[in-house]
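Engineer: Build me a structure from this.
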Amino acid sequence: MLLFLISCFSFILLSKSFSSKNHPRMKSERRLLSPWFWEGFSSFMVSWFQKGRFGISLYQLPSIMSLKKMMRLGSFNEENVEEDKMSLLDLPELTLECILERLSPAGLCSMAGVCFSFRERCTSDHLWEKHMKRKWGKVIGGAAYREWQWHIASRNRPNLLGPSKQKGFLGSLSNMWPFSWFRPNLENSSNQQKKSDLPVDSIMSWYLSLETGKFWFPAQVYNRENGLAGFMLSCYDAKLSYDSKTDTFQARYSPHGRRTTEENISWDRLRVPPVDTPSYDLHISDSLLDLKPGDHIEIQWRRNKEFPYGWWYGVVGHLESCDGNENHCRCQYTDTVMLEFNHYPASSRWRKTMVNRKDHREVGNEADGFYGGIRKLYKGEEISMWKRLWPNQVLE
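Structural biologist: Numbers count the residues shown, from 1 in each chain. Now for the predicted structure:
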C-alpha cells in the first residue's frame, strides 16, 4: 500500500510537469489538483496514521518520498534527473490543515515531536479547542476555568517543556496511554529550547494537565461516597482528578475540616456546578414566586452550620390544607411552599419541609439539618438525570 501511495505522488508530479509545458503559469504544487482531491487525500492520510499502518517514521518521510524532477522546458530526460525531496510540510496548506484537524490528541502530540514547524502547528489552540470541548465540556465549567487561571498565575516557571519539567509533566506522558509515544526531542541549545516551549496558558497544556491527572478541577458529584444512603439523590462540590487508565475520577471532599476521598467515579456522576454559589454560602433563590405543585427543584441542605451545603433533589407538593385537585388548588398563591423528598418514607423527618417563598432564608435545626437556597429545574435533562439516580427502594 505504501508503494501505491508513493506511485500516486510520482504520477501527480509527473502529470504536473507535463502539463506545465502548455501552462507555464501553473508553477505551484498547490495547484496540482482541485481542493476536493486534497480533502479526500487528507482523509486517507489520517486513516492511514490512525490505523497504525504507516510503519515508516515521520523523520524518514522526506527521503522516502523523493521524486524525480523534470528537466527544464518540460522535457523528460532520464540521463539528467535530479532528486527532489518532499515532506508533509510541502503539502498545500488546506490539505495539511485538514490532516491535523482529523488527528486525535495523541496524534497531535506525536506530530508535535517531529519538528519545530509541526510543534507550532500542532500546539495551536484552534486544533485543541474541539478536543477540549468534546471530552471535557460536560464536566468543565466556569469554576474550573478560573481554577486553571489561578493555577497558571501561581506557577513559578513560565513553561512546561523546559528540561526541569520534562521528567515531571511530559515524563508522565511517556508512561501513560494514549500518550506513551509522545517523546519530544529537546535540544541543548537555549534558543532551541525557547522554540520548543509549550505556553502554560494554551488549551493543549490544559488538556494534558487534565488527561494526566495533574490538575485537580472543581465539579460536582452525584450520590457522593459511592451512593452511601445518607447522600442518595444529592450532589456535592469536590475537587476531581482524572485517571486515564481506568477512565474514572478521584474526588476530594472537605466537610467539617476532615478530608474524604472517593475513587472510581464514572463520568455520568459528574456535572458542572449549575450556579456559582460557593458550597458554604446561601444561594439567593430567584424562582420562589414561580414554584407550584409538581415542579422539580434542588435545595441546599447541610447537617450543621460547619458543614458545606449539598444540593438535594425534591419536588413541590401540595399543602396539607389542599386536596390536590388541580381545579381548586391555590398552593401557588400562598406564602408557604411545601417541599417533598419522596425517596424517604412518609414517616421520615426528612420527607417534607416548608419554606417561606417571600422571606426565604436558611431554616432548620441541629436535629434535622439546615435548608438553604432553592433552584427550580427547567431542563428535562436535569430532571431525567435525577430520575436515573432514583434508589431501588425507599430509604430508611
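
Engineer: going forward, measure contacts and count neighbours with C-alpha atoms only.
Structural biologist: Fine.

Engineer: Count the neighbours of the closest residue to V315 other than its chain neighbours for me.
Structural biologist: Of all residues beyond its chain neighbours, the one nearest V315 is H296 (4.5 Å), with distances taken as C-alpha to C-alpha, 6 or more residues apart in numbering. Here the number of neighbours of H296 (other C-alpha atoms under 10 Å) works out to 23.

Engineer: was I right about H296 contacting W312?
Structural biologist: No. Counting by C-alpha atoms under 8 Å, H296 sits too far from W312 to count as a contact (10.8 Å).

Engineer: Buried residues, stretch 380-394. List them.
Structural biologist: Applying a neighbour-count criterion of 16 or more other C-alpha atoms under 10 Å, one finds W386 buried in stretch 380-394.

Engineer: cool, and stretch 208-217?
Structural biologist: Buried positions in stretch 208-217, judged by neighbour count with 16+ other C-alpha under 10 Å: 208-217.

Engineer: Could you list which of the residues you listed belong to helices?
Structural biologist: Secondary structure from DSSP state H places 208-211 of the buried residues of stretch 208-217 in helices.

Engineer: so can I have TSV of the residues you listed showing pLDDT and distance to G372?
Structural biologist: Shown next, in TSV, are these (pLDDT from 0 to 100; distance: C-alpha to C-alpha, whole Å):
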residue	pLDDT	distance to G372
L208	93	38
S209	93	35
L210	96	33
E211	95	35
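
Engineer: Which elements pack onto the longest strand anywhere in the chain?
Structural biologist: Ranked by number of residues, the top strand in the chain under DSSP state E is strand 234-243. With contacts defined as 3 or more C-alpha pairs under 8 Å, 6 or more residues apart in numbering; DSSP states H and E, strand 234-243 has these neighbours: helix 203-211, strand 217-222, helix 224-227, strand 248-253, strand 310-317.

Engineer: try it again with 6 Å
Structural biologist: strand 217-222, strand 248-253, strand 310-317 (3 or more C-alpha pairs under 6 Å, 6 or more residues apart in numbering; DSSP states H and E).

Engineer: Would you format those as CSV with mean pLDDT included?
Structural biologist: Shown next, in CSV, are these (pLDDT from 0 to 100):
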stretch, mean pLDDT
strand 217-222, 96
strand 248-253, 95
strand 310-317, 97
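
Engineer: Out of those, flag the one nearest E366.
Structural biologist: The minimum distance between E366 and the helices and strands packed on strand 234-243 falls on strand 310-317, with 16.1 Å, by C-alpha to C-alpha.

Engineer: State the mean pLDDT of the next helix or strand after that closest one.
Structural biologist: Where DSSP states H and E defines the elements, the next helix or strand beyond strand 310-317 is strand 336-340. Regarding strand 336-340, the rounded mean pLDDT is 96.

Engineer: for strand 336-340, packing partners?
Structural biologist: Partner elements for strand 336-340 (3+ C-alpha pairs under 6 Å, 6+ apart): strand 310-317, strand 352-356.

Engineer: Need the winner for burial among the ones you listed.
Structural biologist: Ranked by mean neighbour count, the helices and strands packed on strand 336-340 are led by strand 310-317 with a mean of 23 (mean count of other C-alpha atoms under 10 Å).

Engineer: now that one against strand 352-356, angle please.
Structural biologist: 90 degrees (axes from the mean of the first three to the mean of the last three C-alpha atoms, to 10 degrees).

Engineer: Let me know whether G141 touches V272 as I believe.
Structural biologist: Yes. Taking contacts as C-alpha atoms under 6 Å, G141 lies within contact range of V272: 5.4 Å.

Engineer: which residues does K239 contact?
Structural biologist: Contact partners of K239, counting by C-alpha atoms under 6 Å, 6 or more residues apart in numbering, are 216-218, 251-252.

Engineer: ok, for C322, nearest residue in space, not its chain neighbours?
Structural biologist: Nearest non-adjacent residue to C322, counting by C-alpha to C-alpha, 6+ apart: C329, 6.3 Å away.

Engineer: Relative to F215, how far out is the one you found?
Structural biologist: Going from C329 to F215 by C-alpha to C-alpha, to the nearest Å gives 51 Å.

Engineer: remind me which residues of the stretch 201-350 of the chain are low pLDDT?
Structural biologist: For the stretch 201-350 of the chain, residues meeting the criterion pLDDT under 70 lie at 229, 255-259.

Engineer: can you do 50?
Structural biologist: For the stretch 201-350 of the chain, no stretch is flagged by pLDDT under 50.

Engineer: sec struct for the closest residue to V272 other than its chain neighbours, please.
Structural biologist: Nearest residue to V272, sequence neighbours excluded (C-alpha to C-alpha, 6+ apart): V139, at 5.0 Å. Following DSSP: H, G, I helix; E, B strand; the rest coil, we place V139 in the coil state.
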